[in-house]
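Novice: Here is a sequence with its predicted model. Questions after.
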Amino acid sequence: MTRVTFVQNGAAKSYDVNLDDLPYQRHGRRGSLLDVALNVGFPLEHACGGNAACTTCHVIVREGMDHLSEMDDAEADRLDGAWGVTPRSRLACQAIVKGEVTCEIP
């Protein structure tokens, strides 16, 4: 089991998930933060359907950056236009979870 925590408006919600058993929700990359959120019922905006065509699923990783897939150039380019971007920003639809992660919804 892996713990994924989403922080929204100062309130943290943690979920223990078995990454190998998550059904793919067809939004974002398989096993991404967005995929996890949809599987556990956490309301994470994703206007483009998880295709990395917008920034509505922008999150700020507070802990566990090393437990996410590497950011590719397309994601980095898209994040350049995001509001409130930080060096710890990721698109939830592209960041594949590989271990315990805490992210904040800006």
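Specialist: On my side now, so go ahead.
Novice: residue boundaries of the helices in the protein?
Specialist: For the chain, the helices defined by DSSP state H cover 33-40, 73-79.
Novice: and these as CSV, adding mean pLDDT and distance to residue 47?
Specialist: C-betas here are computed from N, CA, C, even on glycine. Shown next, in CSV, are the helices of the chain (pLDDT from 0 to 100; distance: least, Cβ to Cβ, whole Å):
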stretch, mean pLDDT, distance to residue 47
helix 33-40, 97, 12
helix 73-79, 95, 12
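Novice: which of the ones you listed is buried the deepest?
Specialist: helix 33-40 (a mean of 23; mean count of other Cβ atoms under 10 Å).
Novice: okay, the helices of the chain in a markdown table with distance to residue 104 next?
Specialist: Listed next are the helices of the chain as a markdown table, based on distance: least, Cβ to Cβ, whole Å:
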| stretch | distance to residue 104 |
| --- | --- |
| helix 33-40 | 11 |
| helix 73-79 | 15 |
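Novice: Which among those helices is found nearest to residue 103?
Specialist: Evaluated with Cβ to Cβ, the helices of the chain place helix 33-40 nearest to residue 103, the distance being 6.2 Å.
Novice: Off-centre distance for the closest one?
Specialist: 8 Å (Cα atoms, centre = their mean, to the nearest Å).
Novice: What of stretch 19-34?
Specialist: Stretch 19-34 sits 10 Å away from the centroid of its parent chain (Cα atoms, centre = their mean).
Novice: Only the buried residues of it, if you could.
Specialist: 19, 22, 27, 28, 29, 31, 32, 33, 34 (16 or more other Cβ atoms under 10 Å).
Novice: Could you do stretch 99-106 as well?
Specialist: 101, 102, 103, 104, 105.
Novice: Alpha carbons only: can I get it in PDB?
Specialist: The C-alpha coordinates for stretch 99-106 follow below in PDB (Å, rounded to 0.1, in the frame of the first residue of the first chain):
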ATOM      1  CA  GLY A  99       5.600   5.800  -3.600                       C
ATOM      2  CA  GLU A 100       4.200   8.000  -0.800                       C
ATOM      3  CA  VAL A 101       3.300  11.500  -2.000                       C
ATOM      4  CA  THR A 102       1.700  14.600  -0.500                       C
ATOM      5  CA  CYS A 103       0.500  17.300  -2.900                       C
ATOM      6  CA  GLU A 104      -1.400  20.500  -2.400                       C
ATOM      7  CA  ILE A 105      -4.200  21.800  -4.700                       C
ATOM      8  CA  PRO A 106      -3.400  25.500  -5.300                       C
END
